[in-house]
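Novice: Sharing a model that was predicted from the sequence below.
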Amino acid sequence: MLFTSLQYILFLPLIVGLYWICPRNLRLPLLLLASYYFYMSWIPAFIVLILGMTVFNYFWGAWLYKVEPAKKKAVFTGGIIANLLCLGFFKYTNLLLNTAAQGVGLFTHHAPAWHADIILPLGISFFAFEFIHYLFEIYRGNSPIKSFVLFALFASFFPTQIAGPIKRYKDFEKQMLADTHLKLSHFDEGVPLIILGMAKKLLLADNLATFVDMGLKDPRVYGAPELWLFMYAFAFQIYFDFSGYTDIGRGSAMLFGYHIPINFNMPYFARNVSDFWHRWHISLSTWLRDYLFIPLGGSRGGRWMTHRNLFLTMAIGGLWHGASWSFVVWGMFHGIALIVHREFQAFKASREQLKAFVDSKIGTLLSIILTFHAACIGWVFFRIQDVSQAFMVAKRMLFFSPIMTKAENHSFLVLKPELPVLVPVVMMMVITLLIANLPVSAASEKGWFKKAPAPLKAAFCTAMLIAIITFLPDTSAPFIYFQF
């Protein structure tokens, strides 16, 4: 079920109420059953997948912990391969078949239509990464979760089940075992986060999606200014969509007394691409660092090995996002950007004047603007699945093609009549929610909003609800990260 659906709005308070009136020893089984029901509400048969992977990793982790040291690496490798094979079968089979078919077409001048009828299970990338993290930590000497119910809930906890954040089992296990009591603060923090997340999704992301879909349906007819406008809109769309999901998930978890790690920290205020990845999808970037970049060698092998590891980590991270080569290009783009940033940092270190300028207020502002525009170029490959078309769009943006672009029989741009009205409305909503989101995002852990009087919080939530109802689009698109 979607977080923004009526079904979820009815489901969540029901489970919260049952959770707090249940005896303590029944709360975790109740949450587990609720999480499985949540997952089965889409395609019930896929409960077999998540339950099967849970059983496998529970017993495999226990074996890995007890196995003799000489066999530990082989057992660990076998568990990682099993999880990757499961993820690869569902997510990448058709990508491999299509790539192979195109390869055959180069020699036969006719590519065969190879396609497997496989439905991608929701959230498989997220819980597969959590299982891999679990096996890594057991291999490194940490003790496994002893209770199957606790382990199953760690993997299937419904607020983070479909699109993260990617949890760390030690932190989550402590929360599951804690003797948590019902507190008003659970609702005081959780409810505003849920409302804010829904506002991000319904008020902004879905309305921005209309504008983005309109422009990128056929990007060939647009020049650089229009394409930049569309990518600005997509940059905010994907931010509000994904951070909106995270806010709803974190807020929902808080109602049960669970604290899920923050996943976004105002990423478009990043000063460089490295800072961007410390602010964007934080749980994924730290996962890639701990379980891919460092195992590859990290920065221990010198300059060029570090560059190689950065590039491979980001390329694989791009592939994780979706079964399309455009995602790999997106990852490679960020890998190259991180390498350029490291080289610039080394170049700047011995030049005091350059360092002083970059660290100045003007330099900081220019760095933020440059980083945001670099991220927008990357979003081209994330949004447009056709790699050749994505390169065409990026080329026009970078080399600033003219505003008026001839297409077919048109000597001027043909825009839908609602575009002149939609643009200012969309931009006003973006600015409005950025202003509203700033104190909540920056203060969600320790700022003034958390300490604000109840009437002020109530007024904020009421304003958000009125705005959602007023600007609610006719249809709500699925969360972007559901496909991953």
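Specialist: Everything's here; your move. Numbering: from 1, shown residues only.
Novice: okay, CA-based contacts and neighbour counts for the rest of this
Specialist: Noted.
Novice: Any regions of the stretch 101-250 of the chain where pLDDT drops low?
Specialist: 109, 111 (pLDDT under 70).
Novice: residue boundaries of the strands in it?
Specialist: With strands called from DSSP state E, counting those that start in this stretch, the stretch 101-250 of the chain shows none.
Novice: any chance you could map the helices in it?
Specialist: 124-139, 148-156, 169-177, 184-198, 206-216, 224-254 (DSSP state H, counting those that start in this stretch).
Novice: can you give me the angle the last one makes with helix 184-198?
Specialist: Using axes from the mean of the first three to the mean of the last three C-alpha atoms, to 10 degrees, the inter-axis angle of helix 224-254 relative to helix 184-198 is 160 degrees.
Novice: re earlier: mind checking which of the helices of the stretch 101-250 of the chain is nearest Ala459?
Specialist: Taking C-alpha to C-alpha, helix 184-198 is the member of the helices of the stretch 101-250 of the chain nearest to Ala459, at 10.5 Å.
Novice: for the closest one, packing partners?
Specialist: If you count contacts as 3 or more C-alpha pairs under 8 Å, 6 or more residues apart in numbering; DSSP states H and E, helix 184-198 packs onto helix 224-254, helix 454-471.
Novice: for those, which one sits closest to Met305?
Specialist: Nearest to Met305, of the helices and strands packed on helix 184-198 and by C-alpha to C-alpha, is helix 224-254 at 31.7 Å.
Novice: Just after the closest one, pick out the following helix or strand.
Specialist: Using DSSP states H and E, the helix or strand that follows helix 224-254 in sequence is helix 273-277.
Novice: Now do the next helix or strand after that next one: everything it contacts.
Specialist: Toward the C-terminus, helix 273-277 is succeeded by helix 282-288 as the next helix or strand (DSSP H and E). Helix 282-288 is contacted by residues 133, 165-167, 261-264, 277-278, 313, 317 when judged by C-alpha atoms under 8 Å, 6 or more residues apart in numbering.
Novice: Same question for stretch 14-33.
Specialist: Residues contacting stretch 14-33 (C-alpha under 8 Å, 6+ apart): 34, 149-150, 152-153, 156-157, 176, 182, 255-256.
Novice: Break the protein down into its domains, please.
Specialist: 6-182, 186-483 (automatic domain parsing).
Novice: export those to JSON lines and tack on mean neighbour count?
Specialist: Listed next are the domains of the chain as JSON lines, based on neighbours: other C-alpha atoms under 10 Å:
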{"stretch": "domain 6-182", "mean neighbour count": "17"}
{"stretch": "domain 186-483", "mean neighbour count": "18"}
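Novice: out of the helices and strands packed on helix 184-198, nearest to Gln161?
Specialist: From the helices and strands packed on helix 184-198, taking C-alpha to C-alpha, the stretch that ends up closest is helix 224-254, at 9.0 Å.
Novice: Nearest to Ser5, out of the helices of the stretch 101-250 of the chain?
Specialist: helix 184-198 (10.1 Å).
Novice: Run the chain-centre distance for the closest one.
Specialist: 21 Å (C-alpha atoms, centre = their mean, to the nearest Å).
Novice: any residues touching it, and which ones?
Specialist: In contact with helix 184-198 (C-alpha under 8 Å, 6+ apart) are residues 4, 243-257, 437, 450, 457, 461, 464-465, 468.
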